[in-house]
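*Asks:* generate coordinates for the sequence data below:
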Amino acid sequence: MTMTTTVPKPAVRPTGKNATAPQPAWENPRVRERALKTASKDTAAPGPAPRTTWEALTEAVRETGGYPTRSEAEHLTRLVLTALGSHLTGDERVALAQSLPPEAGHLIASQIPRPHPLTARAFVDSVSTQIPDSTPATARWDVSSVLTAVSAAIGPDLTDQVMSQLPRGYALLFGRAELAAAMA
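*Replies:* Residues are numbered from 1 along each chain as shown. The predicted structure follows:
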């Protein structure tokens, strides 16, 4: 049984000066080129057609997060999907990239996977560093807004597969309750 939980949005989201996002950690051009070649091989296999468009996905993020503009939702979607791409490997990574619009799929597939995914809290904190004037609460809201919209776009089965690669604690970020099995 799947339960959906809504996380309350902080009352005020501070706005700041337009800051540029930090450069990716993988500055070495050879590493980047190899990752992009691998990513294009991973996503070249035929698979399910995306269920939504980039515009519809970012509009869903805008509505879920209550953002005033689609531009803000688009920026946050890019940040979160880029971060998520470094946490997934194998079939789930390929299936997610193929199930999302090409713009989103490329963000997932072009990242170099981490040896071990971050905890949900560390994941939110890592995204937070790229959002100007972010607090832990607003960053959690932003990440949850994107991942909840992604979950709705890809469906419950693929969401389960993606979450199976991530440490416990990500369920709420995907708009789901995380129920622990009772110990006998």
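*Asks:* same for the longest helix belonging to the chain, what does it pack against?
*Replies:* Criterion DSSP state H: the longest helix present in the chain is helix 136-154. Packing partners of helix 136-154 (3 or more Cβ pairs under 8 Å, 6 or more residues apart in numbering; DSSP states H and E): helix 54-65, helix 70-85, helix 90-99, helix 120-128, helix 156-164. Just so you know, the C-beta spots here come from the backbone N, C-alpha and C atoms, and that holds for glycine as well.
*Asks:* 10 Å - rerun?
*Replies:* helix 54-65, helix 70-85, helix 90-99, helix 102-109, helix 120-128, helix 156-164 (3 or more Cβ pairs under 10 Å, 6 or more residues apart in numbering; DSSP states H and E).
*Asks:* okay, the closest residue to R168 other than its chain neighbours: pLDDT?
*Replies:* Spatial nearest neighbour of R168, chain neighbours left out: E178 (6.7 Å); criterion: Cβ to Cβ, 6 or more residues apart in numbering. Here the pLDDT value assigned to E178 is 73.
*Asks:* was I right about E178 contacting A171?
*Replies:* Yes: if you go by Cβ atoms under 10 Å, E178 and A171 touch, sitting 3.5 Å apart.
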